[in-house]
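S.K.: I would like the atomic coordinates for the input below:
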Amino acid sequence: MLLHLLTDINAKAIVLASGSPRRKELLTTLGLNFSVLPSEFDERSLVKSDFATPSDFVQESAKQKATEVAKRDGATGDLFIGADTVPAPSVRVLACLCIPT
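M.R.: From the prediction side, this is the model:
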């Protein structure tokens, strides 16, 4: 079932809104074809204390990164992937949000 989903996703024009080598590695490991267009979203514009949990913060940051790239002039794609991480006590929180166009 997962292979079928990956095949369907891979048929789309995927854009990774990150220049992170680790994020590229993760998508490559999944066998996805994608282009890279790093986000220019400044996550410092988000106030961490406005979010109930670290997870809420990274989800919003990932969403903003993917949205910024999707709305950029000349950006084309079917699926924009934004991701972020933040260290939290005893855990590492990762969020990855996909913005379909």
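S.K.: number of nearby residues for residue 64?
M.R.: Neighbourhood size, residue 64 [other CB atoms under 10 Å]: 21. Just so you know, the C-beta spots here come from the backbone N, C-alpha and C atoms, and that holds for glycine as well.
S.K.: list the residues that contact it.
M.R.: 39, 41, 43, 46, 82 (CB atoms under 8 Å, 6 or more residues apart in numbering).
S.K.: inside strands: which ones of these?
M.R.: residue 82 (DSSP state E).
S.K.: could you pick out the buried ones from the contacts of residue 64?
M.R.: Burial by neighbour count, 16 or more other CB atoms under 10 Å: within the contacts of residue 64 this picks out 39, 41, 43, 46, 82.
S.K.: identify the bridge partners of the residue positioned nearest the centre of the chain.
M.R.: The centroid of the chain falls nearest to residue 82 when counting by CA atoms, centre = their mean (1.5 Å). Residue 82 has these beta-bridge partners by DSSP bridges: residue 97.
S.K.: so where do the helices sit in this protein?
M.R.: Here the chain has its helices, by DSSP state H, at 2-10, 21-29, 54-71.
S.K.: now those as TSV including mean pLDDT and distance to residue 35?
M.R.: Putting the helices of the chain into TSV (pLDDT from 0 to 100; distance: least, CB to CB, whole Å) gives the following:
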stretch	mean pLDDT	distance to residue 35
helix 2-10	77	13
helix 21-29	92	11
helix 54-71	92	10
